[in-house]
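Trainee: Here you go, sequence then predicted model.
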Amino acid sequence: MKKTTKGALAAGAAAVLLAGGAGTYAAWTATSPSLPGGTVTTGHLTVTQKDDTTTGWTWVGGAKAGEAVATTATLVPGDTIAYTGTYVLGIEGTNLTAKVDVTTPAGTAVPSELTWTPTSSASLTGLTESVDDGREITAGGTLAFPAAATATMDADVTIGDFQVVLKQTAPAAVDPTPVTTTTVVTPPVTNP
């Protein structure tokens, strides 16, 4: 082999060896010691109907105000009756605020001249764990038969189940699936 050929091969081999080594470098890393873990606990919202309280329909106004509405009672224009129940709120969450809503009953067949209005015992917004956990509230609704009503006679009035809903309002502007308690309301009255 000629000296020039040997020199060219040696130069080529050196170039290959140098090129192969040029792409490598040392990468340093450092890892901290293990960091301590921990346990966190999530809060909750609950609404429970209080069992040891009187619930049901009562007369609002008139001679029978505050008395229970009998199952044989009939409504006439000018009558108002109310359904009330007592509920206990469970609110647990350090930064949690919540509100209570009483829903309009599902499947309510109220004649056009009568009105159903959900009610509660107080303004129930801005509720917190430190102030309102374990708080008892009264909630329900009123059924009013206006005195000027003339067309609704012999009608059956069905008030369906309504719900007391405790819903998170902060710390985030969220609309989670509300925690609910359903109160079965069976109206004991009919309209003559």
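Mentor: Nice, I can see it.
Trainee: going forward, measure contacts and count neighbours with C-alpha atoms only.
Mentor: Noted.
Trainee: Pass me the low-pLDDT residue ranges in this structure, would you?
Mentor: 1-26, 52-55, 105-109, 121-123, 172-192 (pLDDT under 70).
Trainee: which stretches of it form helices?
Mentor: 3-22, 129-132 (DSSP state H).
Trainee: Surely residue 68 touches residue 60?
Mentor: No. Contact criterion Cα atoms under 8 Å: residue 68 and residue 60 do not qualify, at 9.9 Å.
Trainee: Go through stretch 77-93 and flag the buried ones.
Mentor: Judged by neighbour count using 16 or more other Cα atoms under 10 Å, the buried positions of stretch 77-93 are 77, 79-93.
Trainee: Which single strand of this protein contains the most residues?
Mentor: Ranked by number of residues, the top strand in the chain under DSSP state E is strand 80-92.
Trainee: who touches that strand?
Mentor: 43-50, 53-61, 69, 128-129, 132-145, 166, 185 (Cα atoms under 8 Å, 6 or more residues apart in numbering).
Trainee: Separate out the buried members of those residues.
Mentor: 45-49, 55-60, 69, 128-129, 132-134, 136-145, 166, 185.
Trainee: and the spatially closest residue to residue 148 that is not a sequence neighbour, backbone torsions?
Mentor: Excluding the flanking residues, the one nearest residue 148 by Cα to Cα, 6 or more residues apart in numbering is residue 77, at 6.8 Å. Taking degrees, to the nearest 10, you get phi -50, psi 130 for the backbone angles of residue 77.
Trainee: how near is residue 98 to residue 56?
Mentor: Per Cα to Cα, to the nearest Å, residue 98 is found 26 Å from residue 56.
Trainee: and if you look at residue 143?
Mentor: 13 Å.
Trainee: Over to residue 167?
Mentor: Distance of residue 167 to residue 56, computed by Cα to Cα: 25 Å.
Trainee: Could you do residue 135 as well?
Mentor: For residue 135, the distance to residue 56 - Cα to Cα - is 20 Å.
Trainee: Next: residue 127.
Mentor: Taken as Cα to Cα, the span from residue 127 to residue 56 is 26 Å.
Trainee: Same question for residue 46.
Mentor: In terms of Cα to Cα, residue 46 sits 22 Å off from residue 56.
Trainee: With residue 147 instead?
Mentor: 23 Å.
Trainee: What of residue 37?
Mentor: Applying Cα to Cα to residue 37 and residue 56 gives a distance of 51 Å.
Trainee: same check, this time on residue 50
Mentor: 13 Å.
Trainee: Kindly report the same for residue 73.
Mentor: Residue 73 is 14 Å from residue 56, by Cα to Cα.
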